[in-house]
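K.L.:
quick one, what's the 3D model for this:
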Amino acid sequence: MDRRKQKDIEKEQAKKVSLGRIWRLFRPHRAQLAVVTAIIVAASVIAMAQPFLLREVIDVALPHSDLRLLSWLVAGMVAVAAVTAALGVVQTWIATTIGQRVMHRLRIDVFGHLQRQSVAFFTRTRTGEVQSRITNDIGGMQSVVTSTATSIASNLTTVIATVVAMIALSWQLTLISLVVLPPSVLLSRRVARMRRAITAQRQRELADLNVTVEEGLSISGIQLSKTMHTGPELVRRFTDSSTRLIDLELRSELAGRWRMATMSIIFAAIPAVIYLSAGLPMSAGAMSIGTLVAFTALQTALFRPLTQLLNVGVSVTASLALFARIFEYLDLPVEVDDPAHPADVSHVAGHLRLEGVTLTYPGSPGPAVEDVTLDVPAGTSLALVGATGSGKSTIAGLIARLHDPTAGRVTIDGVDLRDMSLADLAGIVGVVSQETYLLHASVRENLRYARPGANDEQIERAARAAQIHDLISNLPEGYDTVVGSRGHRFSGGEKQRIAIARTLLRDPRILVLDEATSALDTTTERAVQAAFDELSRGRTTITIAHRLSTVRDADRIAVLHHGRVLESGTHQSLVRADGRYAALAA
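P.N.:
Alright, predicted model coming up:
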């Protein structure tokens with residue numbers, strides 16, 4: 001997507017983010033927030049005793065040399081400081097706990113929602129972009145989520161309590177002190193808008209950086225860069241992106257700093273104005289020295305929470321760009337979802353049918369498959385052959401419900417796949433593809449990934465059936481040997497057999513073999529094919545292959561051409577028909 005267009009979309013999304021939706025993240029923790037608010041109010045009210053104690057020290061205890069009163073006042077000052085400090089620790093503990101739980105829930109919600117997205121979403125989205133949303137964007141929100149609510153409550157309560165105390169001491173001086181409030185609010189809003197725009201740009205740059213790392217430092221990326229000698233170019237791209245990130249971080253930190261610094265100078269000048277007002281002839285004798293000192297202390301104390309309150313407003317507004325990016329993912333529609341009332345498929349024979357199935361991918365000029373009808377009785381095998389792009393893998397994806405058909409339906413034992421729960425379907429349909437994905441974990445963990453409750457005996461039995469047990473046993477640590485990133489420790493044929501063992505553990509009724517031997521040499525293919533024969537025994541099997549030698553014995557063969565079934569039959573009947581299959585077999 002064009003960066004300018006993406007920027008405009010994010011601006012619109014940031015406008016739509018409501019504070020009400022952000023508040024809903026905290027709603028489950030209302031009780032704890034009420035406790036925190038009560039602690040904040042109590043601490044703010046108790047802290048307001050300090051200036052009044054100070055006034056008594058200066059105006060009464062010291063002038064009259066009343067040591068007993070002075071001792072009580074000093075003890076009161078220490079007690080106030082101790083109580084407010086203790087309350088602050090408790091408040092921080094509860095508030096941080098709430099914030100971390102909100103972050104935890106948000107991370108889980110985003111990750112879980114992305115798990116429900118269709119394969120099409122991940123096809124059109126960069127992996128680094130997805131990772132950046134979960135790590136950088138949610139991480140950037142952490143300080144706002146964990147401290148904003150309590151910071152607002154704490155500073156707002158302190159400001160209100162301080163203003164009340166100031167009015168109690170001198171309402172005239174209070175008016176002088178608060179004259180800078182309106183321009184401060186206006187200024188902070190301008191700074192907030194600046195930071196929100198920079199924050200959105202910074203997160204896009206972080207996403208680009210993540211993509212460069214993902215593409216350049218994965219095992220496949222490293223192999224490509226070394227064979228193509230593109231390492232220096234990748235370093236240059238990473239350097240340029242990191243340099244832009246430095247500039248954005250500096251702009252984010254310095255946005256509005258001069259304006260806020262000007263306000264700080266004005267805040268600092270207010271006490272001088274107060275002293276000047278108190279010293280004017282018309283004001284002489286109007287207040288005691290203690291009142292003046294106490295009021296100045298209050299006024300100084302007022303501007304700290306007031307400034308922090310304005311800064312919180314800036315942070316919240318700037319963070320709307322982050323919330324917009326996260327909510328964008330949470331609002332993604334789920335294209336392939338569980339039905340409201342899943343059908344009961346506890347007893348499945350494995351009779352598979354495609355009835356007038358058509359699928360058109362979004363943005364595609366035409367259908368990938370069109371009006372395909374296939375019938376595969378339980379326990380039989382169907383082979384799909386055809387040129388690249390004829391729609392074979394699309395049909396495999398439809399059977400596993402990686403996509404839903406645009407028209408028609410796919411059924412198992414007469415039940416539409418859309419009426420089955422995704423968990424039930426995953427237990428019924430097993431897929432082994434050419435691209436075997438192994439986790440960076442031990443062989444045992446990779447096999448148990450398919451069936452977490454499998455014991456060691458079941459794992460070894462599956463490995464023996466897949467003809468990979470002997471090889472695993474001879475590894476330095478046997479089944480506890482780490483396979484390496486994406487399984488690069490093993491050859492293509494070894495990875496395929498591990499994938500077969502993993503599928504065997506699930507014991508699916510329907511098996512889809514999507515060009516699972518196309519990248520293997522003849523010797524390795526024979527070993528893997530023997531494992532496939534074991535895997536296919538007694539199951540409904542759909543085999544997709546370029547090499548016709550692997551599908552000759554299928555009960556039925558369907559020839560696809562431009563997304564349509566051109567002809568179907570047994571190997572012998574199709575050869576006798578002298579059609580497209582015969583041409584492919586020649």
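K.L.:
who are the packing partners of the host helix or strand of residue 461?
P.N.:
Element membership for residue 461, per DSSP states H and E: helix 456-465. Helices and strands touching helix 456-465, by 3 or more CB pairs under 8 Å, 6 or more residues apart in numbering; DSSP states H and E, are helix 443-448, helix 469-473, helix 492-506, helix 522-536. For the C-beta atoms, the positions are set from N, CA and C on the backbone; glycine is no exception.
K.L.:
now do 7 Å
P.N.:
Applying 3 or more CB pairs under 7 Å, 6 or more residues apart in numbering; DSSP states H and E, one finds that helix 456-465 contacts helix 443-448, helix 469-473, helix 492-506.
K.L.:
now the shortest one: buried residues?
P.N.:
Applying a neighbour-count criterion of 16 or more other CB atoms under 10 Å, one finds 469, 471-472 buried in helix 469-473.
K.L.:
can you put the residues you listed in TSV and add pLDDT and distance to residue 74?
P.N.:
TSV is the format used below for the buried residues of helix 469-473 (pLDDT from 0 to 100; distance: CB to CB, whole Å):
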residue	pLDDT	distance to residue 74
469	89	81
471	88	80
472	89	76
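K.L.:
out of those residues, flag the one nearest to residue 20.
P.N.:
For the buried residues of helix 469-473, the closest approach to residue 20 (CB to CB) belongs to residue 472, at 55.4 Å.
K.L.:
list the residues that contact the closest one.
P.N.:
Residue 472 sits next to 443, 463, 478-479 when contact means CB atoms under 7 Å, 6 or more residues apart in numbering.
K.L.:
please redo it, this time with the cut-off set to 10 Å
P.N.:
In this structure, residue 472 makes contact with 443-444, 447, 459-460, 463-464, 466, 478-481, 490, 494, 497-498, 501, judged by CB atoms under 10 Å, 6 or more residues apart in numbering.
K.L.:
winner for burial among the helices and strands packed on helix 456-465?
P.N.:
helix 492-506 (a mean of 24; mean count of other CB atoms under 10 Å).
K.L.:
could you give the angle of the helix or strand following that helix to helix 492-506?
P.N.:
Along the chain past helix 492-506, the next helix or strand (assigned with DSSP H and E) turns out to be strand 510-514. Strand 510-514 runs at 160 degrees relative to helix 492-506, counting by axes from the mean of the first three to the mean of the last three CA atoms, to 10 degrees.
K.L.:
pull the longest helix from this protein.
P.N.:
Secondary structure of the chain per DSSP state H: the longest helix is helix 67-115.
K.L.:
now the element after that helix, going C-ward?
P.N.:
Along the chain past helix 67-115, the next helix or strand (assigned with DSSP H and E) turns out to be helix 119-124.
K.L.:
using a markdown table, please lay out the helices and strands packed on helix 456-465 together with distance to residue 366.
P.N.:
Listed next are the helices and strands packed on helix 456-465 as a markdown table, based on distance: least, CB to CB, whole Å:
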| stretch | distance to residue 366 |
| --- | --- |
| helix 443-448 | 39 |
| helix 469-473 | 45 |
| helix 492-506 | 33 |
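K.L.:
for those, which one sits closest to residue 385?
P.N.:
Relative to residue 385, the nearest member of those by CB to CB is helix 492-506, separated by 19.8 Å.
K.L.:
so what does the closest one touch, helix or strand wise?
P.N.:
Using 3 or more CB pairs under 10 Å, 6 or more residues apart in numbering; DSSP states H and E, the elements in contact with helix 492-506 are helix 422-428, strand 429-433, helix 443-448, helix 456-465, helix 469-473, strand 510-514, helix 522-536.
K.L.:
gap between the second one and the chain center?
P.N.:
The offset between the C-alpha centroid of strand 429-433 and the centroid of the whole chain comes to 27 Å, using CA atoms, centre = their mean, to the nearest Å.
K.L.:
for that strand, which helices and strands make contact with it?
P.N.:
Strand 429-433 is packed against helix 392-399, helix 492-506, strand 510-514, helix 522-536, strand 540-544, with contacts defined by 3+ CB pairs under 10 Å, 6+ apart.
K.L.:
could you check the angle the first one makes with strand 429-433?
P.N.:
So the one you mean is helix 392-399. Relative orientation of helix 392-399 with respect to strand 429-433: 150 degrees, computed using the same axes, to 10 degrees.
K.L.:
so for the following helix or strand past helix 392-399, what gets flagged as buried?
P.N.:
Using DSSP H and E, the next helix or strand after helix 392-399 towards the C-terminus is strand 407-412. Of the residues in strand 407-412, those buried by neighbour count under the rule 16+ other CB under 10 Å are 408-412.
K.L.:
quick one: the helix or strand hosting residue 168 to helix 67-115, angle?
P.N.:
In this assignment (DSSP H and E), residue 168 forms part of helix 138-169. Regarding helix 138-169 and helix 67-115, their directions subtend 150 degrees when assessed with the same axes, to 10 degrees.
K.L.:
so what's the gap between helix 138-169 and the chain middle?
P.N.:
Offset of helix 138-169 from its chain centre (CA atoms, centre = their mean): 29 Å.
K.L.:
tell me what the very next helix or strand once past it is packed against?
P.N.:
Note on helix 138-169: by DSSP H and E, the next helix or strand toward the C-terminus is helix 171-177. Helix 171-177 sits against helix 138-169, helix 257-279, helix 289-330, with contacts defined as 3+ CB pairs under 10 Å, 6+ apart.
K.L.:
which of the ones you listed has the lowest average pLDDT?
P.N.:
Summarising mean pLDDT across the helices and strands packed on helix 171-177, the least confident stretch is helix 257-279, with a mean of 66.
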